[in-house]
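Engineer: sequence and predicted structure below; questions after.
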Amino acid sequence: MQIRRANNSDAATIALLGRFTFTETFGHLFGDQQDLLDYLDRTFNVEKLHNSIDKPNNLYWLAFVDNLPIGYAKLKLNSSSPFIESNNICQLQKIYVLKDFLSKKVGLTLQSKLLEKAQNLGYEEIWLSVLKENLRAIRFYEKNGFRIIGDHGFQIGKEHFNFQAMSKKLSLPL
């Protein structure tokens with residue numbers, strides 16, 4: 001497995017991975033498939049990802065196996081949370097991995113890169129949101145030192161989703 005920082009030329013790859021991984025993980029939760037398609041078009045379009053990658057507060061990584069892109073992660077710097085009072089926090093915004101590669105610990109490797117970068121930049125804490133029904137992800141984050149800090153909702157089309165916010169204290173870089 002290879003992990004590297006993504007750049008603007010990777011926007012189409014991230015868009016495609018985002019569409020596939022989101023659909024694999026959450027597609028079954030949508031009663032109206034048009035709501036899902038609208039969300040995918042809005043969230044994982046190439047132009048939007050070009051703009052996102054260009055923002056200095058957004059850092060992306062790509063994971064590859066045999067030169068095939070299989071997952072990506074996004075760290076958002078200086079991202080406040082309603083559940084944390086500190087201003088020195090960042091957000092693990094996305095770790096998406098194709099289902100066929102979940103057993104290869106791609107998520108753990110991507111998470112390690114994000115946490116290392118956040119620590120090296122001097123952040124005190126990192127937070128994330130995870131769908132309450134995604135027990136596999138919640139267990140993964142708990143096993144890696146995250147704790148539940150609150151609940152919030154999110155609306156996509158006609159569907160309302162319940163999320164848990166989780167955070168982890170970061171140690172100072174060596």
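Structural biologist: Received the coordinates, thanks. The shown structure was predicted, so the numbers you read here are calculated from the model rather than taken from an experiment.
Engineer: could you dump stretch 95-108 to CSV, C-alpha only?
Structural biologist: Output for stretch 95-108, consisting of C-alpha atoms alone and laid out as CSV, is shown next (Å, rounded to 0.1, in the frame of the first residue of the first chain):
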residue,chain,number,x,y,z
ILE,A,95,-11.7,8.6,5.6
TYR,A,96,-13.3,6.7,2.8
VAL,A,97,-12.0,3.3,1.6
LEU,A,98,-13.5,1.0,-1.1
LYS,A,99,-15.2,-1.9,0.6
ASP,A,100,-13.0,-4.6,-1.0
PHE,A,101,-9.9,-3.1,0.7
LEU,A,102,-11.2,-2.4,4.2
SER,A,103,-9.4,-5.5,5.5
LYS,A,104,-6.1,-4.1,4.5
LYS,A,105,-6.1,-1.5,7.3
VAL,A,106,-6.2,1.3,4.8
GLY,A,107,-8.3,3.4,7.2
LEU,A,108,-5.9,3.0,10.0
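Engineer: what bridges to Ala63?
Structural biologist: Under DSSP bridges, the beta-bridge partners of Ala63 are Ile3, Gly71.
Engineer: tell me which stretches of this structure form helices.
Structural biologist: Secondary structure of the chain (DSSP state H): helices at 11-26, 33-43, 46-54, 106-120, 135-143.
Engineer: with mean neighbour count added, can I get those helices in TSV?
Structural biologist: For every residue, glycine as well, the C-beta is placed using N, CA and C. As requested, these are arranged in TSV below (neighbours: other C-beta atoms under 10 Å):
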stretch	mean neighbour count
helix 11-26	18
helix 33-43	14
helix 46-54	15
helix 106-120	18
helix 135-143	14
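Engineer: now those helices as CSV including distance to Arg5?
Structural biologist: As requested, the helices of the chain are arranged in CSV below (distance: least, C-beta to C-beta, whole Å):
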stretch, distance to Arg5
helix 11-26, 12
helix 33-43, 21
helix 46-54, 10
helix 106-120, 9
helix 135-143, 22
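Engineer: which one of those helices lies closest to Asn78?
Structural biologist: Taking C-beta to C-beta as the criterion, Asn78 comes closest to helix 106-120 out of those, the separation being 11.0 Å.
Engineer: next, the angle from the closest one to helix 135-143.
Structural biologist: Counting by axes from the mean of the first three to the mean of the last three C-alpha atoms, to 10 degrees, helix 106-120 lies at 40 degrees to helix 135-143.
Engineer: that older thread, with mean pLDDT as added columns, please give the helices of the chain in TSV.
Structural biologist: As requested, those are exported to TSV (pLDDT from 0 to 100):
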stretch	mean pLDDT
helix 11-26	96
helix 33-43	95
helix 46-54	97
helix 106-120	95
helix 135-143	93
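Engineer: out of those helices, which comes closest to Asn88?
Structural biologist: Shortest separation from Asn88 across the helices of the chain is recorded for helix 106-120, at 10.3 Å, computed as C-beta to C-beta.
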